[in-house]
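S.K.: predicted model, plus sequence, below.
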Amino acid sequence: MSDNALGLVIAAVVAWIVIGALGLVRPRELRFVSHLLFPLGAAVGLALAVVAFFALGQLPQSTVLPLGLPDLPFHLRLDSLSAFFLLLLGAVGAAISVFAAGYFRSGEGAAPGLLCFEYHLFLAAMALVLVADDAYLFMVSWEAMALSSFFLVTTDHRIPEIRQAGFLYLLIAHVGAIAILLCFGVLQGGSGDYTFGSMRSMVLTGAWPSVAFFLALFGFGAKAGLLPMHVWLPEAHPAAPSPVSALMSGVMLKTAIYGFLRVTFDLLQGQLWWWGVIALVLGLATALFGVIFACVQSDMKRLLAYSSIENIGIIVAGIGLTILFKSYGKTLLAAITLTAVLYHALNHAFFKSLLFLATGSVLHATHERSLGKLGGLIHRMPWVAWLALVGTLAIAGLPPLNGFVSEWLLLQAFLFTPSLPQSFVNMLVPLAAGALVLAVALSAYVMVKFYGIIFLGRPRESNLAYAKDAGWFERAALSFLALGCVVLGIFPVNVIAMLDPVNAMLIGSTALHADSGNWLLLTPINADRASYSPLIVLIGIVAVVLLTAQVVHRLYHGRVRRAPPWDCGFPLQTPRMQDTAEGFGQPIREVFDAVFRIERQLPSPFDTAPKYAVKVGDHLWHWLYLPLARGADALGRLVGMIQQGRISVYLTYSFFTLLALLFFVR
Amino acid sequence: MTPTEFASQLLQLGLALALAPLLVGWINQCRAWLQNKSAPSLLLPYRTIRKLFMKDAVVALQASPIFRVAPYVVFGAMCCAAAIIPSLATDLPFGRAADTIALVGLFALARVFIALAAMDIGTAFGSLGARREMFVGFLAEPALLMVLFTASLISGSTSLPTIVDVFAHRELAIYPSLAFAGVAFAMVSLAENARIPVDNPATHLELTMIHEAMILEYSARHLALIEWASSLKLFNYSCLGIALFFPVGIGVAGAGWTALVAAAPVLVAKLAVGGFALALVETLSAKMRIFRAPEFLGTAFLLAVLAMLVNLLLGS
Amino acid sequence: MATLPLYAQFINLFAAFLLLLAFAMLAQRRVLSLINLFAMQGFALAVSTAIVAYGTHQSHLYWSAGLTLVLKVLLLPWLLHRLIRQLDVKWDVEGLINIPTTMLVGIVLVVFSFNLALPIAQLSHTVTRATLGIAMASVMLSFLMMITRRKAIPQVVGFLAMENGLFFAATSATYGMPMVVELGIALDVLVGMIILGVFFFQIREQFDSLDLKHLETLKENE
């Protein structure tokens, strides 16, 4: 079957489009759409993941489809890099589809059949982006991806905020797309041949490689949520239905990472060290920015969106480090770093989808997105709560789960950096490592806040007592993703062995040493240098826990008495006395005061109905976006002056245009 | 893994479990002496733990299973941490499974679990303690990691036994960066172990407490495990400090039983001195306001970053 | 590492102490502790100079070590302590910027000065050339301390600490300046200190405070 893996991928794309189209046949029939079409889509996703898994180690396959414009057929190619991201798309997409089967209900925004169409089109477009082998197909599917996701984001288009969020997303997606288009324009180097194959053979000279790199960084960065193009993420993610948020955050952001990797390591020949420095610094700034803002959010999906920004920052910082190593010819280290990058991308796809889906379940059960009105849901929704706990621990970077493995690899890479010849770069390393570690530690803060406030404590509102646990479809999806987090965390050696073809293709070296055939111990360079075995750590902790519990219960007793909590002698303890989301984030707001733009509304002591409101804003919005918007407005008004409303004036314009054209073409 | 290695591993883990409450008792005694109080018995922590195990556990009505699991997880994480820090010898097979980064990860795991458990009850104290604990942790954890990175850069390994092997058995060489790292480590240890000037282990005053606020709802065997785990944490930090900065006397890998036996009195002596120093620091300094803590820890973090820098710059 | 002789390692160690103390001074809020830290820095400087003297057999460096010891460890701190007692100022040092930010700027300065010192160090042939960057960094850090402090006495301490850094730079780059120059600088520092002390009394006479922001009122507005 691996002989024609590409054919199977194309078949999966077609299947998704067909499933989507079937949704249009009976758009209002909820049971048909949710209990037949979405599970079918999930099956296709799973099949795609299996195909991609087997295609990872294969030689590249390519084909030409006689579609599109007459002289511009579609070029498709399936190599290890594409296969890895297809695997990610298929596996995570399948889980999200299963969840969506139980999630979408009628009467919420658009008709289920229409949603099904947009959803599967989105999946198909992402798959096409990953196998595109010319700029034309790439841009077409990139745009299809942006448009279908735009319609998905604006499912509830009757709410003005959601419309606004959607337009912001569309705007930034297109600014990014223009940069990508320009980047391809530079890459083809005047040959007029827009296939990736010809770009690969093209050797750019002078400043052109740098121009192409920065266009790619900007364009793909806009899609991924890199600073300062991050503003759409915290708006679009809360607006979208949860499966769509999960798909966008878990998978779509990764297609941007894919594109960036494709351009930087595959299409560009030779990388310059200072690109790496810039990507590293930008990535770390994004990571810190994202996590600091995540600390102070009080909307659970916004919080996760900011956390996505953080993770993208970490991934881009890793790519920067990879460029740095590769440009100095340290291929082994570059391979380790790239492994960390890909691993983190995979991890993030799993745990972030898991958490977004969990917020979806919470949202359905409680109709509440604000953290300040949730609480104590572990008693009402044990399935969701316990599965979300796995994702929480994973994203907080705790051993032995998967988030820790990729961070471990990346930190190892940082520790190797002093071998670089450039002293300036060497000095950057401690600072960069410090920033990375700080971001990781802060993400633990964010996640304790997220989990503790939603699922633990006492319900802050009385209606939470009626919350129902998620249905079976949703449980299955969450379980699958949680299992993924655990498996990716426990068996890093096998996962890295799976990633090695990608390293071999992009870097020319593999991260795993030939002599480290030990599946239990992860040893990047050699066993003396560093080793890590999550399985043994897990067994160690579990053994101690079980042993202690046994000993304690055998030697003493297991008696438990239930009593009300200690009330400090003040019997009127209400759930409102727990920390709110604002309260939990307050120390961070205090420490990083300068980063936020805080608008606070304090009540006066004489107020009879005191009200406290605080709005934490983003400086960049006011420093960059609003001036830009004002500029665009002013420009628009200038152009508007041409508009007169009288036909004869317009005809005059046409006439003069014609004259001018005739003059130039003469 | 040879039988000797296995025995050495078990011995060091057992020693950590057995000696940790004694260290706390010793510090309390020193502090009482220094403050002209009559000292409690050296064995008081053991008696407290035993007493707590005997009692009936009282669990709040609205507690979820997380509340009851957390003490065990915290204890488990601390035991695993104790199993990778060389106290007597560097024969630690478990050290290959978890390196310094994983060590910090284990500490973080314990911290996250205890914070979640504190939030589980839904009282004002619990969430206040959890928030403050995570607040202290977000700066202390990177600082600790940077200290360990400095040691890793010098020794070319992130595995603790290897680091100690390099440090303890090299030709005489001085690492200036370790001076910075040492100061940073001392500051982090004070903060992480809920000691003055960041937290006060002897207070139940709501304005000031961090660790005690989180464990307010625990009783009986759960509290015993948490107390034991926090003394184990102190022991781990002490051993880590000894291993990184005063490693002379720790047995080399494969040295056998005599080295283990010879290392024991040295370790006890070092711990006694360290405990006295801690009591002295606690007596001499006053507790900071909670919002001075980020300044304190930020300084520690930046010193640790500086340690890495100096290490690179002085080429040593 | 193993190629460096033991005394050079000790010099590196004391250089690191010097930098550590410079950072400690940057982070210190109390005036009294600040002066003690300054004395400790002087002590580290004296010891490292003595080690350089021992290692390179430059006997005149013993003299400058002794001079440092007398002047910067004993005399100047004593003068400062007396000044504080007489002026009765024991308040906390109020920085203009908060301490972690100051330290962050300090770290950037360290990176900067090391990069600056690298080419100079390559010209030098002394065993201590690696410490040149540290010496420059401590000059910069003292400067930073002077900038970020609002009160007069911490600024003077910063000034004196800057001189420490310069002295260390001279020692590490060229094994010290000629004795005459050194004596001259020592005298300058002493005289400068005394004159500044006189100034303090005048400033306080004028404004009832040593807060230097009052000097802003001296500016002619027109």
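M.R.: Happy to help now that I have it. Worth saying up front: this structure is predicted, and the values here are computed from it rather than measured.
S.K.: any idea which element the closest residue to residue A:235 other than its chain neighbours lies in?
M.R.: Once flanking residues are discounted, residue A:235 sits nearest to residue A:165: 3.9 Å by Cβ to Cβ, 6 or more residues apart in numbering or on different chains. Where you see a C-beta, it was placed from the backbone N, CA and C, and this is true even at glycine. Assigned by DSSP states H and E, residue A:165 falls within helix A:160-187.
S.K.: picking up where we left off before, thought the residue nearest to residue A:235 was touching residue A:153?
M.R.: Yes: contact between residue A:165 and residue A:153 holds when scored by Cβ atoms under 8 Å: they sit 6.6 Å apart.
S.K.: now do the residue nearest to residue A:235 against chain C, distance only.
M.R.: Per Cβ to the nearest Cβ, to the nearest Å, residue A:165 is found 35 Å from chain C.
S.K.: go on, residue B:134?
M.R.: Applying Cβ to the nearest Cβ, the value for residue B:134 to chain C is 18 Å.
S.K.: how is residue 113 assigned, secondary-structure-wise?
M.R.: Using chain A here. Of the three states, residue A:113 takes helix under DSSP: H, G, I helix; E, B strand; the rest coil.
S.K.: contacting residues for it?
M.R.: Residue A:113 sits next to A:23, A:24, A:25, A:26, A:27, A:28, A:29, A:33 when contact means Cβ atoms under 8 Å, 6 or more residues apart in numbering or on different chains.
S.K.: now the helix holding residue A:165, how far from the centre of its chain.
M.R.: On the basis of Cα atoms, centre = their mean, to the nearest Å, helix A:160-187 sits 17 Å off its chain's mean C-alpha point.
S.K.: now chain A, which segments are flagged as low pLDDT?
M.R.: Low-confidence segments of chain A, defined by pLDDT under 70: A:1-3, A:106-109, A:417-419, A:511-517, A:526-527.
S.K.: now name the helix or strand holding residue A:57.
M.R.: Counting by DSSP H and E, no helix or strand carries residue A:57.
S.K.: next one: residue A:561
M.R.: Short version, using DSSP H and E: residue A:561 is in strand A:560-563.
S.K.: so which elements touch that strand?
M.R.: Strand A:560-563 sits against strand B:57-60, with contacts defined as 3 or more Cβ pairs under 8 Å, 6 or more residues apart in numbering or on different chains; DSSP states H and E.
S.K.: can you list contacts of the strand it packs on?
M.R.: Here strand B:57-60 has contacts from A:559-565, B:67-68, B:121, B:217, B:219-222, using Cβ under 8 Å, 6+ apart.
S.K.: apply 6 Å and report the result again.
M.R.: Applying Cβ atoms under 6 Å, 6 or more residues apart in numbering or on different chains, the external contacts of strand B:57-60 come out as A:560, A:561, A:562, A:563, A:565, B:121, B:217, B:219, B:220, B:221, B:222.
S.K.: and the helix or strand following it, how far out from the chain middle?
M.R.: Next in sequence after strand B:57-60, counting helices and strands by DSSP H and E, comes helix B:65-82. Distance, stretch centre to chain centre, for helix B:65-82: 14 Å (Cα atoms, centre = their mean).
S.K.: before we move on, the earlier item: which one of residue A:165 and residue A:153 is surrounded by more residues?
M.R.: residue A:153 (29 against 21; other Cβ atoms under 10 Å in any protein chain shown).
S.K.: would you confirm that that one contacts residue A:235?
M.R.: No: with contact defined as Cβ atoms under 6 Å, residue A:153 does not count as touching residue A:235 (9.1 Å).
S.K.: neighbours of residue C:171, how many?
M.R.: By other Cβ under 10 Å, the residues close to residue C:171 number 29.
S.K.: residue contacts, it?
M.R.: By Cβ under 6 Å, 6+ apart, residue C:171 lies in contact with C:49, C:52.
S.K.: do that again at 8 Å, thanks
M.R.: With Cβ under 8 Å, 6+ apart, residue C:171 has these contacts: C:48, C:49, C:52, C:61, C:64, C:128, C:135.
S.K.: and it, backbone torsions?
M.R.: Note on residue C:171: its backbone torsions stand at phi -60, psi -40 [degrees, to the nearest 10].
S.K.: show the pLDDT at it.
M.R.: Model confidence at residue C:171, given as pLDDT, is 77.
S.K.: if I look at residue B:251, how far off is residue A:601?
M.R.: 64 Å (Cβ to Cβ, to the nearest Å).
S.K.: more neighbours: which of those two?
M.R.: Per other Cβ under 10 Å, whichever of residue B:251 and residue A:601 has more neighbours is residue B:251, with 26 against 9.
S.K.: so who does that one touch?
M.R.: Residue B:251 sits next to B:88, B:89, B:90, B:91, B:259, B:260, B:262, B:263 when contact means Cβ under 8 Å, 6+ apart.
S.K.: quick one: which of those is nearest to residue A:596?
M.R.: Within those, the smallest distance to residue A:596 is 47.2 Å, found for residue B:90 (Cβ to Cβ).
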